[in-house]
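Got a predicted structure plus its sequence, pasted below:
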Amino acid sequence: MKLAKLTLCALVALALSLSALAFAEDAHYPVTITTYDYAKTPVEITFNEKPTRAISGQEIWNEMMFYFDLDEYMVAIANSDSNVPEEYKERYDALPKISDTWHNKEGIVSLEPQVFFGWRSHFAEDSLGDIYEWIDRDIQPVVLNCSNNACGNSSVQAVLQDFDNLGKIFDIQDKTDAYIAEANAMLDNIQENVAQLEAPKTVLMLEYYDGDTTVYAWGTNSLSGQMITNAGAVNPIDMQGDISLEEIVAINPDKIILMNAGNSDTEEDRESIYNAFYALEGLRSVEAVKNEQVRIYPLDDIYGGGIRIIPAIEDIYNWIYAE
């Protein structure tokens, strides 16, 4: 009899606990976040409950979902990707892939997702179509803030807003708030350390490939260019765009970051980029080139957002001020 009473008590306690959890989740929703359409116009999206059928359309979103153990809510990945970190490879391989490209609208719709995590260019007319069509289908579209400058103000804070949005959508703000707080503390620490120096370093972020006739510079109007500022250095380029060798010589940066925007980032790939860049005769007098202070980062580490941005900023800072 005592055992029966204990079992009944345990069942009652479990029921109350489950009821409390359900109430807590119900109390969290509805939540509203701001995303952007293809024209960069803000769009408010409301979630009345936690989505349990999500599709990711881009590697940055994949990694964010994996990082916070949200892949249990993913029914598919919209396209295959070759740049998956080894730590997520098994989980990535376990999820269905809708297509080799991201334009399979029918395939996405057929899986009846509640939310589609995408890139701004997903919602061009010649891609997946207008964002409002998806809302009308009861598929909530969430665009990465810094994808093609979707939010109009690409910055590390816009990246952290993606994390905040994810926390609200899946009711995991304790985890995303902790991530954001740690990231901001690190960024503040960098600025405090650099403020004690006589002068910050000047750094350019460039993109160049063997055979190209131009060099591309990432300015402070882009997330990638702003990462130099976040790392405590000076980026003298305001607007991203082509830059001449003469302009690079005139700036004479202390260090140069080269973005590898290719599909792979092997040692051979990097060696090819280094060799081609160092072979540019017009740059022989530049301090960064003379002192071999040129470093390559893969595109996914320094472009678009996601979980790689904050660690990359810290790594760039440590490299710039290693001495």
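Arrived safely, thanks for sending.

From the opening residue of stretch 118-125 to its closing one, how far?
End-to-end distance for stretch 118-125: 14 Å, by C-alpha to C-alpha, to the nearest Å.

Name the surrounding residues that touch that stretch.
Residues outside stretch 118-125 that contact it (C-beta atoms under 8 Å, 6 or more residues apart in numbering): 36-38, 40, 57-58, 61, 78, 102, 116, 127-131, 134, 141-144, 147-150, 304. Placement of C-beta: from N, CA and C, glycine included.

swap in stretch 284-292?
Residues outside stretch 284-292 that contact it (C-beta under 8 Å, 6+ apart) are 204, 248-249, 252-256, 277-278, 283, 293-294.

can you tell me how far the closest residue to residue 243 other than its chain neighbours sits from residue 186?
Nearest in space to residue 243, with sequence neighbours left out and distances taken as C-beta to C-beta, 6 or more residues apart in numbering, is residue 217 at 4.1 Å. Relative to residue 186, residue 217 is positioned 26 Å away (C-beta to C-beta, to the nearest Å).

Compare the two (neighbour count), which wins?
More neighbours surround residue 217 than the other of residue 217 and residue 186, with 25 against 15 (other C-beta atoms under 10 Å).

Who is that one paired with across the strands?
Taking DSSP bridges as the rule, residue 217 bridges to residue 206, residue 241.

so where's this protein uncertain?
In the predicted model of the chain, residues 1-25, 102, 323 satisfy pLDDT under 70.

can you give me the strands in this protein?
Secondary structure of the chain by DSSP state E: the strands cover 31-36, 42-47, 54-56, 74-77, 115-118, 140-143, 203-207, 215-217, 241-243, 255-260, 294-298.

Include distance to residue 163 when you put those strands into TSV, please.
Below are those laid out as TSV (distance: least, C-beta to C-beta, whole Å):
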stretch	distance to residue 163
strand 31-36	12
strand 42-47	16
strand 54-56	15
strand 74-77	17
strand 115-118	13
strand 140-143	12
strand 203-207	23
strand 215-217	28
strand 241-243	30
strand 255-260	23
strand 294-298	21
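
still on that earlier bit, now list the buried members of the contacts of stretch 118-125.
36-38, 57-58, 61, 78, 102, 116, 127-128, 131, 134, 141-144, 147-150, 304 (16 or more other C-beta atoms under 10 Å).

can you tell me which of those residues are in helices?
61, 131, 134 (DSSP state H).

Which of these sits closest to residue 196?
The nearest member of those to residue 196, counting by C-beta to C-beta, is residue 61 at 38.0 Å.

The closest one touches residue 144, doesn't it?
Yes: using C-beta atoms under 8 Å, residue 61 is in contact with residue 144, at 6.7 Å.

Next one: residue 126 from residue 116, what distance?
With C-beta to C-beta as the criterion, residue 126 and residue 116 are 17 Å apart.

go on, residue 142?
Plainly put, residue 142 is 7 Å away from residue 116 if you go by C-beta to C-beta.

next one: residue 176
Separation of residue 176 from residue 116 (C-beta to C-beta) stands at 20 Å.

And for residue 255?
39 Å.

Also residue 72?
For residue 72, the distance to residue 116 (C-beta to C-beta) stands at 17 Å.

go on, residue 109?
9 Å.

same question, residue 280
Distance from residue 280 to residue 116, by C-beta to C-beta: 43 Å.

So for stretch 160-179, what gets flagged as buried?
Buried residues in stretch 160-179 (16+ other C-beta under 10 Å): 160-173, 175-176, 179.

unless I'm mixing things up, residue 160 is touching residue 186, no?
No: Residue 160 is beyond contact range of residue 186, at 11.5 Å (criterion: C-beta under 8 Å).
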